[in-house]
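Colleague: Curious how this folds, go ahead:
(one chain, ligands or ions: 1)
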Amino acid sequence: MRIAVTGANSSVGLRLLRQAAACGISVDAGVRSESAMRSLPSHELIAPRIISYRDPDSLDALLRDCDSVVHLAGILIPGKNTSYQEANVDATASVADAARRAGLPSFVFISVLGASPDSANAYFRSKGEAETIASDAAPAGVVIRTPILLGPGSAGSAALLAGVKRDKTSLLGGGKYVLQPLDVDDLCAAVLSACRRPVAGTYELAGPERISYRNLVLQTAELLGKRVQIRSVPIWLARLGAAVRGRLRGGGITPTVIDVITADEEVEANADSALGIELTPLRETLAKLQEKRTP
Ligand SMILES: NC(=O)c1ccc[n+]([C@@H]2O[C@H](COP(=O)([O-])OP(=O)(O)OC[C@H]3O[C@@H](n4cnc5c(N)ncnc54)[C@H](OP(=O)(O)O)[C@@H]3O)[C@@H](O)[C@H]2O)c1
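Modeller: From the prediction side, this is the model:
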């Protein structure tokens, strides 16, 4: 089997490339720059390729002779030069067009719990719009909605580790919001399973345990042998500060991002069995967090 991966240098991409190669799957790994290319693992089954979402030829070359594409490129934190429309919607549309031109039988897209084209939140809305595009991109359009992802190098893990480094840490709303963290390696196993046996649909895949962010921080601290005191930052105050900073900087942690981070995560029916994977216990996932994001 041969798959193409966009956003191959993302935290999910780096784990996916390793897992795919270890299973004997060839990967055409799409990235946007030479420096991103250098961050990819070096393996005979991994072929790095520079792509541009505005250059259909580069996407056609990425997808040539592949059985499936896994579209990972996407953002939560917008920047001065990167909007949700460009990174989440337009990039997905470009890859979907290329998948149709290549006649790919399946298109796997990583989305987020809460995604909806009707959402009042701009991030969830952009992911919802991208889901619709991805579902129509191939006979088997597979959408996997995920919660916060934990694994070496993921943004969620970096925030957790930064929080427990200090003796005192400030959490939004005291960290009362409830998450259902998913091990990045479990997501990668699910993605590869979807590539092998693609069945069109939208799957909600979350971790085995629901836990408040506060308790997640405390559990991580305990595992690392640390004690951490938790202080609370009112969410309204954080939103206000983010609104001002977001205007000045033209991006970064905006009120939209704060609303995403503090949203409760819950799935009605977890897709672990449907996607043929076994979920890693949260404690095991947390124990892996200190591994480095190595190529
Ligand atoms: N991490 C989570 O907790 C989480 C939760 C739910 C869903 N997801 C989804 O899972 C996927 C992978 O997430 P991740 O956390 O592994 O990503 P990540 O490490 O933040 O990497 C983001 C990727 O998107 C690319 N990208 C950024 N701006 C772009 C643009 N304007 N156009 C095209 N590509 C752009 C980046 O390429 P450059 O390096 O070239 O900028 C990079 O490859 C994303 O679609 C994300 O929305 C993640």
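Colleague: Quick one: mean pLDDT over the helix or strand containing residue 93.
Modeller: Residue 93 is part of helix 91-102, with elements assigned from DSSP states H and E. Per-residue pLDDT over helix 91-102 has a mean of 98.
Colleague: Show residues contacting it.
Modeller: 6, 53-54, 56, 59-60, 62-64, 66, 69, 71, 73-74, 107, 109, 130, 133-134, 136-138 (Cβ atoms under 8 Å, 6 or more residues apart in numbering). Every C-beta, even on glycine, is put in place using the N, C-alpha and C of the backbone.
Colleague: can you give me how far the very next helix or strand once past it is from the chain middle?
Modeller: With elements assigned by DSSP H and E, the helix or strand that comes after helix 91-102 is strand 106-112. When C-alpha coordinates are averaged (Cα atoms, centre = their mean, to the nearest Å), strand 106-112 and its chain have centres 10 Å apart.
Colleague: Run through the neighbouring helices and strands of strand 106-112.
Modeller: strand 68-71, helix 91-102, helix 122-135, strand 140-146, helix 184-196 (3 or more Cβ pairs under 8 Å, 6 or more residues apart in numbering; DSSP states H and E).
Colleague: okay, these, which one's buried deepest?
Modeller: strand 68-71 (a mean of 28; mean count of other Cβ atoms under 10 Å).
Colleague: Can you name the residues of the stretch 1-150 of the chain that neighbour the ligand?
Modeller: 7, 9-12, 32-33, 36, 53, 72-75, 82, 86-87, 91, 110, 112, 146, 148-149 (Cβ under 6 Å from any ligand atom).
Colleague: now with 5 Å?
Modeller: 7, 9-12, 32, 36, 72-75, 82, 86-87, 91, 110, 112, 146, 148-149 (Cβ under 5 Å from any ligand atom).
Colleague: Now the buried members of those residues.
Modeller: 7, 9-12, 32, 36, 72-75, 87, 91, 110, 112, 146, 148-149 (16 or more other Cβ atoms under 10 Å).
Colleague: Show me those residues that map onto strands.
Modeller: Per DSSP state E, strands hold the following members of these: 110, 112, 146, 149.
Colleague: could I get those residues as a markdown table with distance to residue 213 and pLDDT?
Modeller: Shown next, in a markdown table, are those (distance: Cβ to Cβ, whole Å; pLDDT from 0 to 100):
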| residue | distance to residue 213 | pLDDT |
| --- | --- | --- |
| 110 | 22 | 98 |
| 112 | 16 | 98 |
| 146 | 16 | 98 |
| 149 | 14 | 98 |
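Colleague: the strands in the stretch 151-295 of the chain, which residues?
Modeller: Assigned by DSSP state E, counting those that start in this stretch, the strands in the stretch 151-295 of the chain fall at 168-172, 178-179, 182-183, 201-204, 211-212, 229-233.
Colleague: Deepest in the core, which of those strands is it.
Modeller: strand 182-183 comes out most buried of the strands of the stretch 151-295 of the chain by mean count of other Cβ under 10 Å, with a mean of 28.
Colleague: now the angle between strand 229-233 and the helix or strand bottoming out on mean pLDDT in the chain, please.
Modeller: Across the helices and strands of the chain, mean confidence by mean pLDDT, DSSP states H and E is lowest for helix 235-249: a mean of 90. Computed with axes from the mean of the first three to the mean of the last three Cα atoms, to 10 degrees, the direction of helix 235-249 lies at 70 degrees from that of strand 229-233.
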